[in-house]
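Asker: fold the following.
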Amino acid sequence: MSRTVRVLDVEQEIDPDHMIANLLEAASLLDRQDNPNSGTPRMTFQWYWALQAPETLPRPNILNVGCADDPAYFGALAMHYDIDDWSAVHDYFTQGDAHHLPFKDREYHTVLISDVHEHVKDPWQVTMEGARVAGHRLAMTIFEELRLPSPGQHIVVGQALSDEHSRALGYADRLDAQAKLNPERKGFPDDEETPHLVHINQFIDSDITLLLGELVNQGFVVETALKVMEVDLEYSAEHHWWNWLLSVRRGGAA
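Answerer: Got it, this is the predicted structure:
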């Protein structure tokens with residue numbers, strides 16, 4: 001196994017080496033489709049599972065939670081869902097809070113929650129809501145945020161760091177930067193009341209294994225539990241930029 005891939009200490013259904021080979025194949029397919037994000041592990045992971053959703057089901061049969069402006073380029077393949085108003089850039093879009101998804105139990109074949117856990121007040125509840133709506137599979141990518149001081153939630157610190165970074169780039173603060181960098185976004189809730197524009201959570205491997213354990217308790221089977229180095233970028237001498245790549249399916253589902 002490459003030093004850029006780590007395997008979480010949980011029982012998982014898919015052999016990690018086989019999954020890496022699958023992701024490489026998916027990346028090659030996306031390259032041929034000129035997908036701009038095919039080279040990043042987290043985007044390729046999302047697309048790998050999106051491509052497994054049966055085409056015979058009514059479209060869209062994928063729910064993309066925390067879609068923003070669709071950096072994965074799912075387009076009409078997915079129902080896009082976000083707390084901010086991105087309706088100007090999506091064919092299918094619903095605005096709302098990921099803590100309370102306005103969808104029926106098992107309504108979508110595949111639910112993707114990608115780089116959302118770092119932004120929300122209750123990552124556990126967001127996961128359970130995704131699991132509730134997933135008819136077959138829940139796939140998640142979670143960022144390991146190493147700029148925050150320690151594992152846990154750091155709302156004020158995350159906002160202050162973003163304000164500082166935004167001012168260094170010439171913006172008034174993080175809100176000014178968000179508005180000017182994303183003009184197609186029609187608006188977003190008050191970030192003081194609903195913090196979500198920056199990373200406010202830092203996780204460690206044990207947090208992720210607890211999350212997977214609860215999904216297993218609810219009858220899901222862990223398919224994939226990997227941690228990959230997104231890019232060889234160091235925040236310090238010991239810390240690189242990592243993402244967890246996680247997928248679970250309902251027990252009994254082939």
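Asker: output the contacting helices and strands for the helix or strand of the chain with the lowest mean pLDDT.
Answerer: Every helix and strand in the chain was compared by mean pLDDT, DSSP states H and E; the lowest is helix 16-32, with a mean of 80. Counting contacts by 3 or more Cβ pairs under 8 Å, 6 or more residues apart in numbering; DSSP states H and E, helix 16-32 packs against strand 5-7, helix 41-50, strand 220-234. Where C-beta positions appear, they are placed from N, C-alpha and C, glycine not excepted.
Asker: turn the ones you listed into JSON lines, columns for mean neighbour count, mean pLDDT and distance to Ala139.
Answerer: Putting the helices and strands packed on helix 16-32 into JSON lines (neighbours: other Cβ atoms under 10 Å; pLDDT from 0 to 100; distance: least, Cβ to Cβ, whole Å) gives the following:
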{"stretch": "strand 5-7", "mean neighbour count": "17", "mean pLDDT": "87", "distance to Ala139": "17"}
{"stretch": "helix 41-50", "mean neighbour count": "24", "mean pLDDT": "85", "distance to Ala139": "4"}
{"stretch": "strand 220-234", "mean neighbour count": "17", "mean pLDDT": "82", "distance to Ala139": "8"}
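Asker: now the angle between helix 41-50 and the least confident helix or strand of the chain, please.
Answerer: Put simply, helix 16-32 runs at 90 degrees to helix 41-50, going by axes from the mean of the first three to the mean of the last three Cα atoms, to 10 degrees.
Asker: among the helices and strands packed on helix 16-32, which comes closest to Arg106?
Answerer: Arg106 lies closest, by Cβ to Cβ, to one member of the helices and strands packed on helix 16-32: strand 220-234, at 12.3 Å.
Asker: tell me which helix or strand comes right after that closest one.
Answerer: strand 240-250 (DSSP states H and E).
Asker: for that following strand, name the packing helices and strands.
Answerer: Taking 3+ Cβ pairs under 8 Å, 6+ apart as the contact cut, strand 240-250 packs with helix 41-50, strand 134-143, helix 205-217, strand 220-234.
Asker: can you give the strand pairings for that strand, parallel or anti for each?
Answerer: strand 134-143 (antiparallel), strand 220-234 (antiparallel) (DSSP bridges).
Asker: so which of the ones you listed comes closest to Glu214?
Answerer: strand 220-234 (9.1 Å).
Asker: sorry, back to before: in TSV, list the strands paired with strand 240-250 along with distance to Tyr171.
Answerer: Shown next, in TSV, are those (distance: least, Cβ to Cβ, whole Å):
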stretch	distance to Tyr171
strand 134-143	22
strand 220-234	23
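Asker: quick one: closest of these to Trp86.
Answerer: strand 134-143 (18.7 Å).
Asker: what residues sit buried inside that closest one?
Answerer: Neighbour counts over strand 134-143 (16 or more other Cβ atoms under 10 Å) mark Ala134, Gly135, His136, Arg137, Leu138, Ala139, Met140, Thr141, Ile142, Phe143 as buried.
Asker: now those residues as CSV including distance to Met43 and pLDDT?
Answerer: CSV is the format used below for the buried residues of strand 134-143 (distance: Cβ to Cβ, whole Å; pLDDT from 0 to 100):
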residue, distance to Met43, pLDDT
Ala134, 20, 97
Gly135, 23, 96
His136, 21, 96
Arg137, 17, 97
Leu138, 17, 98
Ala139, 12, 97
Met140, 13, 97
Thr141, 8, 95
Ile142, 14, 95
Phe143, 13, 91
